[in-house]
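Asker: when you get a sec, could you give me coordinates for this:
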Amino acid sequence: TVRLWDARTGTAGPALQGHSSSVMSVACSPDGSRIVSGSCDGAVRVWDAQTGTAVSVMRGLGGHEGSVTSVAWSPDASQIVSGSYDKTVRVWDAKSGSAGPVLQGHNGAVTSVVWSPDGSQI
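Answerer: Modelled structure (predicted):
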């Protein structure tokens, strides 16, 4: 579960439910309209930030084979990158949820991912 709170008042907002294991990473889209989460269940989920409704789930075929430890939005919010204990970094289309490139070569778990400010590097 991902929980949201109003930063000014401390009032609880929507609880984003759908992951079946611990959530390891959460990031807001650049415009704040969507939230992405990565979990030990191996899924990357996109949520509507206002309603808490699930928008898409990235997992299964083309998905991570281990816990997702880190997620990040591209600067233009068109893509999401995720890192995992399965030693891969995966790129996803943020609208369709379809899998893009799998970036391999790490010798251990990928525990943090980030886009460069211009979106040219991960």
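
Asker: skipping adjacent residues, who's closest to residue 16 in space?
Answerer: Excluding the flanking residues, the one nearest residue 16 by CB to CB, 6 or more residues apart in numbering is residue 2, at 3.9 Å. C-beta coordinates here come from the backbone N, C-alpha and C atoms, glycine included.

Asker: now swap in residue 92 and tell me
Answerer: Nearest to residue 92 is residue 80, by CB to CB, 6+ apart, at 4.5 Å.

Asker: quick one: contacts for the residue nearest to residue 16?
Answerer: Applying CB atoms under 8 Å, 6 or more residues apart in numbering to residue 2 gives the contacts 15, 16, 19, 23, 26, 35, 37, 47.

Asker: about what we covered before: contacts only, for the residue nearest to residue 92.
Answerer: Contacts of residue 80 (CB under 8 Å, 6+ apart): 36, 44, 46, 58, 71, 72, 73, 74, 91, 92, 94.

Asker: tell me the least confident of those residues?
Answerer: Within these, residue 58 has the lowest pLDDT, namely 84.

Asker: low-confidence ranges, the protein, go.
Answerer: Applying pLDDT under 70 to the chain flags residues 60-62.

Asker: which stretches in it count as strands?
Answerer: Per DSSP state E, the chain carries strands over the ranges 2-5, 12-16, 23-28, 34-39, 44-48, 54-58, 68-73, 79-84, 89-93, 99-103.

Asker: sorry, back to before: how near is the residue nearest to residue 16 to residue 54?
Answerer: Plainly put, residue 2 is 11 Å away from residue 54 if you go by CB to CB, to the nearest Å.

Asker: what does residue 107 give?
Answerer: From residue 107 to residue 54 the distance is 34 Å (CB to CB).
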